[in-house]
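[1] the following comprises the amino acid sequence and a computationally predicted model.
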Amino acid sequence: MFNGVSCNPCGLATYKAVVGNSKCLNCPFAQSITHGVQSDSEEACVCKVGFYSEQMNGTHVCNACPTSANCTDPGATLERRDTDAA
């Protein structure tokens, strides 16, 4: 309870940036989720397991993980590696 107002926590894949009983907002990009409940910002939204995070034209997107990559944790990103290095 905050200032006499009962607050309902947001569920997975939702957040709210203000304290109170305002509406929970959905994570803004497809295939995203939060690490838990009660998230308080859009930055808490990460890609689901099996997807990786990428910025494309200034927009955050979650892409399906290539078969050779490991995307077993939420919020995965891909690192480019020089395969010709010894």
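    That came through, no problem.
[2] contacts and neighbour counts: CA atoms only from here.
    Noted.
[3] spit out the contact partners of Ile33.
    Contact analysis of Ile33 by CA atoms under 8 Å, 6 or more residues apart in numbering lists 12-14, 27, 45-48, 74.
[4] got the phi and psi for it?
    With angles defined as degrees, to the nearest 10, Ile33 shows backbone torsions of phi -150, psi 160.
[5] do Thr59 as well
    phi -120, psi 140.
[6] related to what we said a few turns ago, what is the most widely separated pair among the contacts of Ile33?
    Using CA to CA, the pair of these lying farthest apart is Thr14 and Pro74, separated by 14.9 Å.
[7] give me the more crowded residue out of the two.
    Under the neighbour definition other CA atoms under 10 Å, Thr14 and Pro74 were set side by side, and Thr14 has more, 25 against 19.
[8] identify the residues contacting the more buried one.
    By CA under 8 Å, 6+ apart, the contact set of Thr14 is 24-27, 33-34, 37, 39, 45.
[9] out of those residues, which one sits closest to Thr67?
    Distances from Thr67 to these, taken by CA to CA, are shortest for Ile33, at 21.3 Å.
[10] tell me the pLDDT of the closest one.
    Ile33 carries a pLDDT value of 93.
[11] and it, bridged to which residues?
    Ile33 has these beta-bridge partners by DSSP bridges: Val46.
[12] returning to what we had before: most neighbours of all the contacts of Ile33, which one?
    Cys47 (29 neighbours).
[13] residue boundaries of the helices in this structure?
    Ranges of helices in the chain, per DSSP state H: none exist.
[14] low-confidence regions, it specifically.
    Low-confidence segments of the chain (pLDDT under 70): 1-6, 79-86.
[15] residue closest to the middle of it?
    For the chain, the residue nearest the mean C-alpha position is Val46 (1.7 Å; CA atoms, centre = their mean).
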